[in-house]
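Chemist: When you get a sec, could you give me coordinates for this:
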Amino acid sequence: MLQLCQVTSTLFISNASSACTSELIQREAVTLCINVTRQQPFPKCGVATMRVPLLDEPSEDLYVHFDECADAIQREAQHGGRTVVYCKNGRSRSAAICIAYLMKHHRVALADALQEVKAARHVIDPNPGFMAQLRRYEDELKRQESQ
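Modeler: Predicted structure coming up:
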């Protein structure tokens, strides 16, 4: 089933086939597509795009992209836009980016952010490497907050 799963009023998570369906992108008024893959395509409907070229491997360094992606999602929301984050299956890479966004800009704990994204898309399951990076990111955000 093709669908964009709504995490917040301005954030969706999806798999590549749904995110590349122009009708869905237009129906949900998506203005930014963050593609967390090396080779999956972008939708062909003239929205802003951003690529994070990683494989779904625990050894990949997604951590270095958390701030950049979270800030892009937040900027889009502040300008009245909506973002979809996707990877091939919409389970691991895209979920980790959505969780990082909730942690940074909604000040949600990792466990709560994970549940929030899982409530939107029940199949999410960030790989163990990405979960470790999210724990590190949570620690870093807490450190920044306490300074």
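
Chemist: ends of stretch 24-44, how far apart?
Modeler: The distance separating the two terminal residues of stretch 24-44, taken as Cα to Cα, to the nearest Å, comes to 12 Å.

Chemist: what's the burial count for the closest residue to residue 136 other than its chain neighbours?
Modeler: The spatially closest residue to residue 136, leaving aside those adjacent along the chain, is residue 63, at 6.3 Å (Cβ to Cβ, 6 or more residues apart in numbering). (C-beta placed from N, C-alpha, C; glycine too.) In terms of burial, residue 63 registers 17 neighbours under the definition other Cβ atoms under 10 Å.

Chemist: just use 260 as the starting number from now, easier for me
Modeler: Sounds good: first residue 260 from here, last item residue 322.

Chemist: Let me see the backbone angles for residue 322.
Modeler: With angles defined as degrees, to the nearest 10, residue 322 sits at phi -50, psi -40.

Chemist: Residue 344 is in what secondary structure piece?
Modeler: Secondary structure assignment for residue 344, by DSSP states H and E: strand 342-346.

Chemist: Same question for residue 356.
Modeler: If you go by DSSP H and E, residue 356 is part of helix 352-364.

Chemist: same check, this time on residue 391
Modeler: Using DSSP H and E, residue 391 sits within helix 387-404.

Chemist: That helix to helix 352-364, inter-axis angle?
Modeler: Helix 387-404 runs at 10 degrees relative to helix 352-364, counting by axes from the mean of the first three to the mean of the last three Cα atoms, to 10 degrees.

Chemist: Next, the contact list for residue 383, please.
Modeler: Taking Cβ atoms under 8 Å, 6 or more residues apart in numbering as the criterion, residue 383 is in contact with 272, 349-351, 353-354, 373, 376-377.

Chemist: And the furthest pair within these?
Modeler: Across the contacts of residue 383, the two members that end up farthest from each other (Cβ to Cβ) are 349 and 373, 14.9 Å apart.

Chemist: Tell me which of these two has more neighbours.
Modeler: The neighbour count for residue 349 versus residue 373, taken as other Cβ under 10 Å, is higher for residue 349 (27 against 22).

Chemist: pretty sure that one contacts residue 380?
Modeler: Yes: using Cβ atoms under 8 Å as the test, residue 349 is close enough to residue 380 to be in contact (6.2 Å).
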